[in-house]
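Student: no letters, just coordinates:
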């Protein structure tokens, strides 16, 4: 091994000699070692990260997978809720049959004021209709609590009423009124009544044959789905009782809207065999169909909100418009 001497602070000696000397100490030429180290460094530096496009592709794939998983989970959840809702409707149907067999007739299409109020209020009668009414207190449109009025009607047959009270949980049966809340419930237009709810937290709806199909337009003239019917002028209705008055002057039951985000008042269903039926508006809580083109039919791009409705054993004939 040749020593490398220093001259003027610098190392003297050619690179070949260094390679031949120092390199051979470790059994290989120094040039080969340096080259191997350089190659290793270049290899390390060649491990670049993802480009922006690659990251976006990965994120898009993850988003699609998450959407698929959530969609499947939502579908399973809605399927289970639909099954629970059907069970609730079956309980209502059983009580309806109990009432009808005991009374020998189906329930009436109206009910007297269920609350004990000041003299004069007892003259009010409520139409048991799956329809919209205008609240005289808050001025807003609400859907009549037809299911609550039906259940109140069942009190006439204790076994029918007890069946509902015993079979439904506190989540399925709870006090409800569509009217604006008031310090005194007796001041609400619609009474606070025990009402059956579906698994999505919406009240189940009850359709009586007297108030099925479509009800709108002045004097029951079915020409304008946004115009309500005056109950006193509805030729289909006979006076319920002498000296009584309807709790609502007007009602409306359409199944169509030209509001892209809205829905109809009801499913527009017609009872089969003159038999009442129950239904839930399903996961979206909407009914009827969207008629953005205002032509009375379902066109591409318009939404049929009845598709996810849940029915029991009694399934109506659905009509979209007339």
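Tutor: Noted; the coordinates are in hand. What you see is a predicted model, and the numbers here were worked out from it, not measured in a lab.

Student: C-alpha from now on. contacts and neighbour counts both.
Tutor: OK.

Student: is residue 299 in a helix, a strand, or coil?
Tutor: In terms of secondary structure, residue 299 is coil; the call rests on DSSP: H, G, I helix; E, B strand; the rest coil.

Student: which residues does it contact?
Tutor: For residue 299, the contact set (Cα atoms under 8 Å, 6 or more residues apart in numbering) comprises 291, 293.

Student: got any ranges where the stretch 51-200 of the chain has weak pLDDT?
Tutor: Applying pLDDT under 70 to the stretch 51-200 of the chain flags the ranges 72-76, 117-122.

Student: number of nearby residues for the closest residue to residue 289 other than its chain neighbours?
Tutor: Closest residue in space to residue 289, ignoring its immediate chain neighbours: residue 304 at 4.4 Å, by Cα to Cα, 6 or more residues apart in numbering. Applying other Cα atoms under 10 Å, we find 20 other residues in the vicinity of residue 304.

Student: ok, residue 304 to residue 207 distance?
Tutor: Noted for residue 304: a distance of 20 Å to residue 207, by Cα to Cα, to the nearest Å.

Student: also residue 175?
Tutor: Relative to residue 207, and taking Cα to Cα, residue 175 is found at 20 Å.

Student: the two: who's more crowded?
Tutor: Neighbour comparison, residue 175 and residue 207: the larger count goes to residue 207, with 28 against 12 (by other Cα under 10 Å).

Student: may I have the secondary structure class of residue 169?
Tutor: State at residue 169, reduced to three classes by three-state DSSP: coil.

Student: still on that earlier bit, just checking, the residue nearest to residue 289 touches residue 291?
Tutor: No - the pair residue 304 and residue 291 fails to qualify as a contact (Cα atoms under 8 Å) at a distance of 9.0 Å.

Student: who touches both of the two?
Tutor: residue 298.

Student: neighbours around the closest residue to residue 210 other than its chain neighbours, how many?
Tutor: In space, not counting the residues next to it along the chain, residue 210 is nearest to residue 109; the distance is 6.5 Å by Cα to Cα, 6+ apart. The burial metric for residue 109, expressed as a neighbour count using other Cα under 10 Å, is 20.

Student: please, which helix or strand holds the closest residue to residue 157 other than its chain neighbours?
Tutor: Leaving aside its chain neighbours, residue 157 sits nearest to residue 99 (6.0 Å; criterion: Cα to Cα, 6+ apart). With secondary structure defined by DSSP states H and E, residue 99 is part of helix 52-103.
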